[in-house]
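Trainee: okay, sequence plus prediction incoming.
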There are 2 protein chains.
Amino acid sequence: MTMLVDVNAVRALLDKEGCGSFIGGIESLIEQTADRLAEAYRRWDEFAKGSRIGIHSVRGDIELMPVADHHYYAFKYVTGFPQNPERNLPNVMAFGALSSVETGKPLFLCELAIATAIRTAAMSALVARHLAREDSRSMAIIGCGAQCDFQILAFNALLGIEKFYLYDVDAAAMNKVVENLSEGEIEFVLPDRSINDSQASIRKVLERHPDIVTTVTADKTNATILTADMIRPGMHINAVGGDAPGKTELDKKILELEHARVVVEFEEQTRAEGEVQQMPPDFPVIEFHEIIRGIKPGRENSRQVTIHDSVGFALSDYAVLRLLYDKTQQYKLGTVVDLVPSETPDVKNLFRKVRRGDNEIGLSCDSPHAAGTRPLRYFRG
Amino acid sequence: MTMLVDVNAVRALLDKEGCGSFIGGIESLIEQTADRLAEAYRRWDEFAKGSRIGIHSVRGDIELMPVADHHYYAFKYVTGFPQNPERNLPNVMAFGALSSVETGKPLFLCELAIATAIRTAAMSALVARHLAREDSRSMAIIGCGAQCDFQILAFNALLGIEKFYLYDVDAAAMNKVVENLSEGEIEFVLPDRSINDSQASIRKVLERHPDIVTTVTADKTNATILTADMIRPGMHINAVGGDAPGKTELDKKILELEHARVVVEFEEQTRAEGEVQQMPPDFPVIEFHEIIRGIKPGRENSRQVTIHDSVGFALSDYAVLRLLYDKTQQYKLGTVVDLVPSETPDVKNLFRKVRRGDNEIGLSCDSPHAAGTRPLRYFRG
């Protein structure tokens, strides 16, 4: 028996956690997620890990992200289809499973779209706690889509950031954020509406000297959201939107800034998917687990530019799946389904299971070279 | 909404197809599967494909196998835990999903253990139709586990093989096969019980000159089930059991036999997982799609030794998922689950979905270098 936690059960879980009634409920869930992320990344060496495998078509991507320690195997199925909202479907749809590494049996199958948003924001803030200056008080956010609200709450909860400079090409997206978070004690600064050029607008935002800059745009292209001349000493850049081959947000000159420190989740995957896909293979990066385990320092001085080249790694989904599994058990949420057979005698005789009317049937990555026709591509991150 | 076809719905489907009442029902399902496999492999160039990614522990393997054409994305989750039967759990547990390549939405989630057994047997027989001698009438099967019965029915249905020489170290396994298939007009020849040595027993079986030899043993080791001196001119070898790094069944000298023709599903994956993992990277192999599309010949003459180095490829699971999807729709089997949100307005405002009590939440490898501690290994086939 596998526990299925569907869209409605996730909704019920969020209500139990107080997310429906006040922002503090969501911030608390983000903090709990950050704790689980920290715990998982500290145990880095206990995990078998690799890059995700994705299949890309003109319309979007579908990726599978597996990872395991000696107790649990986890995988996530996640989409990115930027035109989906035109059909009233979300860009990101996700579900995942936790299995026993003793038997391979799937224990838990869970809808994961909000969980993906929460873990991405929690990971951003967790990494920033090690990389942003301790006196950071303000953050600019370029891109006010679905992930933006969660980023704000995460940086508010984990780093005490209270002032946010928003920018999006779509004014409605910015208004959405302000309205969604109006009850909190968060200060929003909207961009000068008289400027029509998006590059100029972003430059203006950066001239306000935010301590942290988060880029979280959705375009599936090599974009140049930030250029090196916009970056000030001591800034922390949380680059979230560049997360697939051919999808970046930073001018490569930012990565080349003297003493800049680039931190990634998992080097192999980020070299294919992150901002550093623009750099040669020997460009130095630090894996976050090295910092949280004290093997390497985080920020070294107050003038260093730090960059979190975030793409989203399976280990983060493992951490959030474990949290959701624990919480749904605690609240007794979900439905039992026979996704695979329960324990049953005579398992070796598969054929008999086909013949007899047992009530219980009892059955008892980017590819190194892309195959298939374009524009459908198989890739391994 | 996603259609969930669980263990019991698969059971109902098998009954609708007549599998419960007579062997012909199962043979018919195998034939229909073979037709779908042939159709899929003929469309080879339309698919984005790559090797599966697996995570290996001491106890077993869990693998994810994705593939897609321009209409459907398919993936399978499949285990191999040889000690599971001691806990009354099957060695192979499997489920999979079909998604729309237009939106990424999972349409169909299905239990797949029996389906995996059927597609493996159907693929073996389909390939053998192109590689075995046309006058083939007998087959030896080394290994009488869960897959054996299905192999027999597939070769009986698709190639008209009527005489089967069985061998297994466990006499009970052989008796199971004979009992399961007693109603059919299939002739079984059991090995000489006076021989205790398994290598000598297999040699005796091969001395009976079977036209085809199927090896389908389960040990997770580099075994030597067959040696080159056992192989006669004109034989077709269907090597099913060697399907993971470090898990092979054939002495490499068999692969080196003069004029031997080695056919694989997908070269990249088989070089890592199949019998040819024993050979240098330039060892010649033919992908099956080249044969079924008429690009390369199958068997070239009556004395050639042909080898199907079978490991199990995602495209075969795509084919069986499509068949099961069509059939469960036809029979109206399965349950609707909200694995991801249904169409809903305001999809861009993910945050609001967390806050408001909408009834509808509406969120609307082997890795090139293995990471992690041994013996938990991450691999990409």
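Mentor: Right, received. Where do you want to start?

Trainee: can you get me the start-to-end distance on stretch A:50-63?
Mentor: 13 Å (CA to CA, to the nearest Å).

Trainee: buried sites along that stretch?
Mentor: A:50-57, A:59-63 (16 or more other CB atoms under 10 Å in any protein chain shown). Heads up, the C-betas are built off the backbone N, CA and C, glycines and all.

Trainee: now do stretch A:79-95
Mentor: Neighbour-count burial for stretch A:79-95 [16+ other CB under 10 Å]: A:Thr79, A:Gly80, A:Phe81, A:Asn84, A:Pro85, A:Leu89, A:Pro90, A:Asn91, A:Val92, A:Met93, A:Ala94, A:Phe95.

Trainee: for it, measure first residue to last.
Mentor: 10 Å.

Trainee: does that stretch reach chain B?
Mentor: Yes. Applying CB under 8 Å from any CB of the partner chain, one finds that stretch A:79-95 is in contact with chain B at A:79-81, A:84-85, A:87-95.

Trainee: which helix or strand contains A:Gly242?
Mentor: Secondary structure from DSSP states H and E places A:Gly242 outside every helix and strand.

Trainee: shaky segments in the stretch 201-350 of chain A?
Mentor: Within the stretch 201-350 of chain A, not a single segment meets pLDDT under 70.

Trainee: ok, which stretches of it are strands?
Mentor: Assigned strands in the stretch 201-350 of chain A, in chain order: A:212-215, A:222-226, A:236-239, A:248-250, A:261-264, A:286-287, A:306-309, A:335-337 (criterion: DSSP state E, counting those that start in this stretch).

Trainee: now those as TSV including mean neighbour count and distance to chain B?
Mentor: Below are these laid out as TSV (neighbours: other CB atoms under 10 Å in any protein chain shown; distance: least, CB to the nearest CB, whole Å):
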stretch	mean neighbour count	distance to chain B
strand A:212-215	26	15
strand A:222-226	19	19
strand A:236-239	27	18
strand A:248-250	26	19
strand A:261-264	23	14
strand A:286-287	19	10
strand A:306-309	26	18
strand A:335-337	15	6
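
Trainee: got the domain boundaries for chain A?
Mentor: If you go by automatic domain parsing, the domain ranges for chain A are A:2-114+A:316-345, A:134-312.

Trainee: most tightly packed of the ones you listed?
Mentor: Mean neighbours per residue, mean count of other CB atoms under 10 Å in any protein chain shown, is largest over these for domain A:2-114+A:316-345, with a mean of 21.

Trainee: so how far is that one from its chain's centroid?
Mentor: 12 Å (CA atoms, centre = their mean, to the nearest Å).

Trainee: and the residue minimising distance to the centre of chain A, what helix or strand is that in?
Mentor: Nearest to the mean C-alpha position of chain A, by CA atoms, centre = their mean, lies A:Thr120 at 3.1 Å. Per DSSP H and E, A:Thr120 falls inside helix A:113-131.

Trainee: hmm, that helix touching chain B?
Mentor: Yes. Interface with chain B: helix A:113-131 contributes A:Ala113, A:Ile114, A:Ala117 (CB under 8 Å from any CB).

Trainee: and the next helix or strand past that helix?
Mentor: Downstream of helix A:113-131 (by DSSP H and E), the next one is strand A:138-142.

Trainee: quick one: strands adjacent to that next one?
Mentor: Strand A:138-142 pairs in its sheet with strand A:163-167 (parallel), strand A:212-215 (parallel), by DSSP bridges.

Trainee: ok, and what's touching the helix or strand following that strand?
Mentor: Using DSSP H and E, the next helix or strand after strand A:138-142 towards the C-terminus is helix A:148-159. Applying CB atoms under 8 Å, 6 or more residues apart in numbering or on different chains, the contact partners of helix A:148-159 are A:23, A:26-28, A:30-31, A:34, A:117-118, A:120-122, A:124-126, A:128-129, A:132, A:136, A:139, A:141, A:161-162, A:164, A:166, A:168, A:173, A:177, A:180-181, A:184, A:186, A:212, A:214, A:216, A:238, A:240, B:350-351.

Trainee: next one: helix A:148-159 to chain centre, how far?
Mentor: That offset, for helix A:148-159, works out to 13 Å (CA atoms, centre = their mean).

Trainee: coming back round to it: now, which of the buried residues of stretch A:79-95 sits nearest A:Arg271?
Mentor: A:Gly80 (19.5 Å; CB to CB).

Trainee: which residues touch the closest one?
Mentor: Counted by CB under 8 Å, 6+ apart, A:Gly80 has contacts A:Gly60, A:Asp61, A:Glu63, A:Asn91, A:Val92, A:Lys220, A:Ala244, B:Gly104.

Trainee: from B:Asp69, how far off is it?
Mentor: Taking CB to CB, to the nearest Å as the measure, A:Gly80 and B:Asp69 are separated by 19 Å.

Trainee: repeat for A:Phe150
Mentor: 35 Å.

Trainee: repeat for A:Glu102
Mentor: 36 Å.

Trainee: for A:Thr270, same thing?
Mentor: 29 Å.

Trainee: between the domains of chain A, which one is nearest to B:Ala9?
Mentor: Going by CB to CB, the one of those nearest B:Ala9 is domain A:2-114+A:316-345, 8.8 Å.

Trainee: hang on, A:Met174 packs against A:Phe164?
Mentor: No. Using CB atoms under 8 Å, A:Met174 makes no contact with A:Phe164, being 10.4 Å away.

Trainee: which ones are touching A:Tyr325?
Mentor: A:Met3, A:Leu98, A:Leu107, A:Phe108, A:Cys110.

Trainee: how about the secondary structure of the first one?
Mentor: Just to be clear, that refers to A:Met3. Secondary structure, DSSP: H, G, I helix; E, B strand; the rest coil: A:Met3 is strand.

Trainee: for the third one, same thing?
Mentor: With three-state DSSP as the basis, A:Leu107 sits in strand.

Trainee: so who does the closest residue in space to it that isn't next to it in sequence touch?
Mentor: Spatial nearest neighbour of A:Leu107, chain neighbours left out: A:Leu98 (5.4 Å); criterion: CB to CB, 6 or more residues apart in numbering or on different chains. Applying CB under 8 Å, 6+ apart, we find A:Leu98 in contact with A:Tyr72, A:Tyr73, A:Ala74, A:Pro106, A:Leu107, A:Phe108, A:Cys110, A:Leu321, A:Arg322, A:Tyr325.

Trainee: among those residues, which one lies nearest to chain B?
Mentor: If you rank these by distance to chain B using CB to the nearest CB, A:Tyr73 comes first, at 5.1 Å.
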